[in-house]
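**Student:** Turn this into a model:
(2 chains)
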Amino acid sequence: MMMESTILEHLDSAFQGNAIQKEALNMLKEIGLPHKKSEAYKFTPITSILEKNVSFEEKGKNAIDKNKLYKEEGSHLVLINGILSKEDSKISDKLILKIGEITEGKHDPFSLLNTAYANEEIVIESGYEEPVFIYHFNFNGLSNPRIKVNVKDGHTFRIVEKLITPEDTNTFTNSYIEFTVGKNAFGYHTKVQNYNLATFSHETVVANVSRDSHFYNNTFSFEGALVRNNLTINLDDENCEGHMYGLFLLDKKSHVDNNTSVDHKMPNSYSNELYKGILDEKSTGVFNGKIYVRQDAQKTNAFQSNNNILLSEDATLHTKPQLEIWADDVKCSHGCTSGQLDEDAIFYLRARGINEKNAKAMILNAFALETMEHVKIESVREEIQELINKKLI
Amino acid sequence: MISIKNLQASIEDKEILKGIDLEVKAGEVHAIMGPNGSGKSTLASVLAGREDYEVTGGSVTFENEDLLELSPEERAQKGIFLAFQYPVEIPGVSTTNFLKTAINQVREARGEKALDAVNFLKLMKEKMKLVDIDQSLLSRSLNEGFSGGEKKRNEIFQMAMLEPKLSILDETDSGLDIDALKIVADGVNTLKTNNTATIVVTHYQRLLDYIVPDYVHVLYKGRIVKSGDKSLALEFEEKGYDWIKEEVAAV
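**Tutor:** Got it, this is the predicted structure:
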């Protein structure tokens, strides 16, 4: 196939990877970056946008704002341009952490790009109950942070991720995080995406879930020039659960594209997905939720819903549920709604003495809050709640 | 308390109210009756400030102030309460939280101090008894999944909490069984004082056995065509609304 992207030609000269990386690069060259006709990127022409807006060789000036760190017990990992900065991090001695060679990870063109150009691979393993907070401070034109998380059998492991980028330089973050959730284990992953209009990102999250285990992903998006979330949950064995919660509360010219997929491979698994969008001004929100139920995955329960409120005539929403079912004894449902704020509800609240602004905020806040059910870490909850309030009032 | 003069209102260019005159004094209960489509609910909505309706003429003065100039929230803050015919379901907002916000915004507008959690709960407990409403209902999302009777009781509960000067009950009785009706009526009667007034909008005479009006007005085709005391309501019970339709047609 023709390589359509000048990005790749340009990067080729800077390549320094190992054999696995070389293989990933070759694969990427073969399939190419998404182009105009790529169905999966139909509403987010990422390659052309990146070509127009981001200079990959740009080297930014590092300035770590420690205020961005949560005040919570646990490990705090600070990565700068995809490289762990031990001196800025606070790592519990109980956390098992390794930094090593790049290992496999091929999922989509951008994860291949990450595999080929990542500087290091950070592997963390559950060994204790405290959460791990990962902060990506990316100042360069292109960063490829790469993390692998092992949740061991019987463990509960909570990971929170945040990306911090400069406002005055366009940057592209192409991140990859892969969870391996052992038997009877619980993995929780929360992302807070409050960027700025100079931030472009492609964020791949993959979870491979074993027998009797649960994986939760919570993604909260507030601002970004272009944010593409590729979330894939593989329910590889029996009695697994996959939970996907998301909120995109956008204004200005923010563009957030949530592409999620859950793959039921074996019997008796469960998945639940709830994404909510509130779109104001000239923002764009995309939701594409795929559910696969393979032939062996009898007795699957899979639920999906996407509800959206548009606050402005200039805002755009694309929503697309996609179900592919090969098994015959399954329960699946999906639904999406989109509309304006309910004027009757606003009048009802106003008729009780609540002013219009607060009435709207109250309704939107309640609408958004439903997506926060599985965010258990107090300061993360508080931060998200504050971001919601800031946008709404 | 409220003085309505030649009030005219329309929705989407369709004239609904064609000149209403009504004077309600403190301590009084007025019933507004009439067949479906006569403009009863429109009158209630216009008084509460629903913006779907356009006031095309006339005036409404509430305690010497031009009511029509005020936003719905300002009207509520000044003491007007509309018990909705169809209370709106609002997912994710609990009745308790909603009421706390409402009460404190009303108090703020009146220059009073906000109620703290303890005093708010105390007030709630006291008013809950009045309409026999359960705590568990109040921690649920506002009106979501409530039965018709629960929604109406919740309206009266909110009225009790907000202590309005003028309460407008918009068909609060429709769809209520006799037990629920009695509870609602008891609540309204208990809240009545010499300083408050009530406008009861209803299609049926039945409610007026329990909330006894001082005046009954008949609304028909956007006008009050007949006013009288409570015996007027009884005439409807016997003769039905056709009687009034014939009488108006004869004029």
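
**Student:** Tell me the residues on chain A that lie near chain B, please.
**Tutor:** Neighbours of chain B within chain A, by C-beta under 8 Å from any C-beta of the partner chain: A:342, A:344-345, A:347-356, A:358-359, A:362-363, A:365-367, A:369-370. Heads up, the C-betas are built off the backbone N, CA and C, glycines and all.

**Student:** Now restrict the residues you listed to buried residues only.
**Tutor:** The neighbour count (16 or more other C-beta atoms under 10 Å in any protein chain shown) marks A:342, A:345, A:347-355, A:358-359, A:362-363, A:365-367, A:369 as buried among the residues of chain A next to chain B.

**Student:** Mind checking which of the residues you listed land in strands?
**Tutor:** With strands taken from DSSP state E, there is no overlap with these.

**Student:** Helices - which of those land there?
**Tutor:** Using DSSP state H, the members of those that fall within helices are A:345, A:347-350, A:358-359, A:362-363, A:365-367, A:369.

**Student:** so A:Glu129 sits right up against A:Thr156, yeah?
**Tutor:** Yes - applying C-beta atoms under 8 Å as the test, A:Glu129 and A:Thr156 come out as touching, 6.6 Å apart.

**Student:** Spatially nearest residue to B:Ala185, not counting backbone neighbours?
**Tutor:** Nearest residue to B:Ala185, sequence neighbours excluded (C-beta to C-beta, 6 or more residues apart in numbering or on different chains): B:Tyr210, at 3.3 Å.

**Student:** quick one, helices of chain A?
**Tutor:** Applying DSSP H to chain A gives helices spanning A:6-12, A:19-31, A:46-53, A:109-117, A:343-350, A:356-369, A:378-392.

**Student:** A:Ala116: neighbour count?
**Tutor:** Neighbour count of A:Ala116, defined by other C-beta atoms under 10 Å in any protein chain shown: 25.

**Student:** roughly how far apart are it and B:Leu234?
**Tutor:** 88 Å (C-beta to C-beta, to the nearest Å).

**Student:** Pick the most buried one from the helices of chain A.
**Tutor:** Counting by mean count of other C-beta atoms under 10 Å in any protein chain shown, helix A:109-117 has the highest mean neighbour count of the helices of chain A, with a mean of 25.

**Student:** and for that one, what are the contacting residues?
**Tutor:** Outside helix A:109-117, the residues that touch it by C-beta atoms under 8 Å, 6 or more residues apart in numbering or on different chains are A:11, A:14-15, A:17, A:20-22, A:24-25, A:27-28, A:31-34, A:102, A:104-106, A:142, A:144, A:146, A:174-176, A:202, A:204, A:206, A:228, A:230.

**Student:** if we look at stretch B:158-168, which residues are touching it?
**Tutor:** Applying C-beta under 8 Å, 6+ apart, the external contacts of stretch B:158-168 come out as A:352-353, B:1-2, B:24, B:26, B:44, B:47-48, B:62-63, B:76, B:78-83, B:99, B:102-103, B:106, B:123-124, B:127, B:130-131, B:187-188, B:191, B:195-199, B:201.

**Student:** Go ahead and confirm B:Lys40 touches B:Ile20.
**Tutor:** No - counting by C-beta under 8 Å, B:Lys40 stays clear of B:Ile20, with 10.5 Å between them.

**Student:** Between the two, which contacts overlap?
**Tutor:** By C-beta under 8 Å, 6+ apart, B:Lys40 and B:Ile20 have these common neighbours: B:Leu219.

**Student:** coming back round to it: so who does the residue nearest to B:Ala185 touch?
**Tutor:** When contacts are counted by C-beta under 8 Å, 6+ apart, B:Tyr210 touches B:Leu181, B:Lys182, B:Ala185, B:Asp186, B:Asn189.

**Student:** List only those of these flagged as buried.
**Tutor:** By neighbour count, with 16+ other C-beta under 10 Å, the contacts of B:Tyr210 hold B:Leu181, B:Ala185, B:Asp186 as buried.

**Student:** Serialize these to a markdown table and add fields for secondary structure and pLDDT.
**Tutor:** Below are the buried ones among the contacts of B:Tyr210 laid out as a markdown table (DSSP: H, G, I helix; E, B strand; the rest coil; pLDDT from 0 to 100):
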| residue | secondary structure | pLDDT |
| --- | --- | --- |
| B:Leu181 | helix | 90 |
| B:Ala185 | helix | 91 |
| B:Asp186 | helix | 91 |
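
**Student:** what's the distance between the nearest residue to B:Glu237 once chain neighbours are set aside and B:Lys239?
**Tutor:** Computed as C-beta to C-beta, 6+ apart, the closest residue to B:Glu237 that is not its neighbour in sequence is B:Gln205, at 4.3 Å. B:Gln205 sits at a distance of 11 Å from B:Lys239 (criterion: C-beta to C-beta).

**Student:** Next: A:Ser254.
**Tutor:** 64 Å.

**Student:** now A:Leu317
**Tutor:** According to C-beta to C-beta, A:Leu317 and B:Lys239 sit 56 Å apart.

**Student:** Helices of the stretch 51-200 of chain B, start to end?
**Tutor:** In the stretch 51-200 of chain B, the segments counted as helices under DSSP state H, counting those that start in this stretch are B:72-78, B:95-109, B:117-131, B:135-139, B:148-162, B:178-191.

**Student:** buried subset of the contacts of helix A:109-117?
**Tutor:** A:11, A:17, A:20-21, A:24-25, A:28, A:32-34, A:102, A:105, A:142, A:144, A:146, A:174-176, A:202, A:204, A:206, A:228, A:230.

**Student:** Quick one: mean pLDDT over stretch A:311-324.
**Tutor:** Average pLDDT, stretch A:311-324: 95.

**Student:** For it, output the C-alpha coordinates as CSV.
**Tutor:** Provided in CSV are the C-alpha atoms of stretch A:311-324 (Å, rounded to 0.1, in the frame of the first residue of the first chain):
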residue,chain,number,x,y,z
LEU,A,311,-26.0,23.6,24.1
SER,A,312,-25.1,25.4,21.0
GLU,A,313,-26.2,25.3,17.3
ASP,A,314,-22.5,25.3,16.3
ALA,A,315,-21.6,22.2,18.3
THR,A,316,-21.4,18.9,16.4
LEU,A,317,-22.0,15.4,17.6
HIS,A,318,-21.5,12.0,15.9
THR,A,319,-22.6,8.9,17.7
LYS,A,320,-22.4,5.4,16.4
PRO,A,321,-23.2,2.2,18.3
GLN,A,322,-21.9,-1.0,16.6
LEU,A,323,-22.9,-4.5,17.7
GLU,A,324,-21.5,-7.6,16.2
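
**Student:** how distant is that stretch from the center of its chain?
**Tutor:** With C-alpha atoms, centre = their mean, to the nearest Å as the basis, stretch A:311-324 stands 18 Å off its chain's centre.

**Student:** before we move on, the earlier item: tell me, how many residues neighbour the residue nearest to B:Glu237?
**Tutor:** The number of residues packed near B:Gln205 is 19, by other C-beta under 10 Å.

**Student:** Let me know the distance separating the residue of the stretch 101-250 of chain A found nearest chain B from A:Ile46.
**Tutor:** Closest contact between the stretch 101-250 of chain A and chain B, by C-beta to the nearest C-beta, is at A:Leu247 (12.8 Å). A:Leu247 is 22 Å from A:Ile46, where distance means C-beta to C-beta.

**Student:** again with B:Lys226
**Tutor:** From B:Lys226 to A:Ile46 the distance is 71 Å (C-beta to C-beta).

**Student:** Give the burial count for B:Leu17, as a bare number.
**Tutor:** Look at B:Leu17: counted by other C-beta under 10 Å, it has 26 neighbours.

**Student:** do the one 5 residues further on as well
**Tutor:** Other residues within reach of B:Leu22 by the criterion other C-beta under 10 Å amount to 20.

**Student:** Which residue is the nearest non-sequential neighbour of A:Lys106?
**Tutor:** A:Leu112 (5.6 Å).

**Student:** and the gap between that neighbour and A:Glu121?
**Tutor:** For A:Leu112, the distance to A:Glu121 equals 14 Å [C-beta to C-beta].
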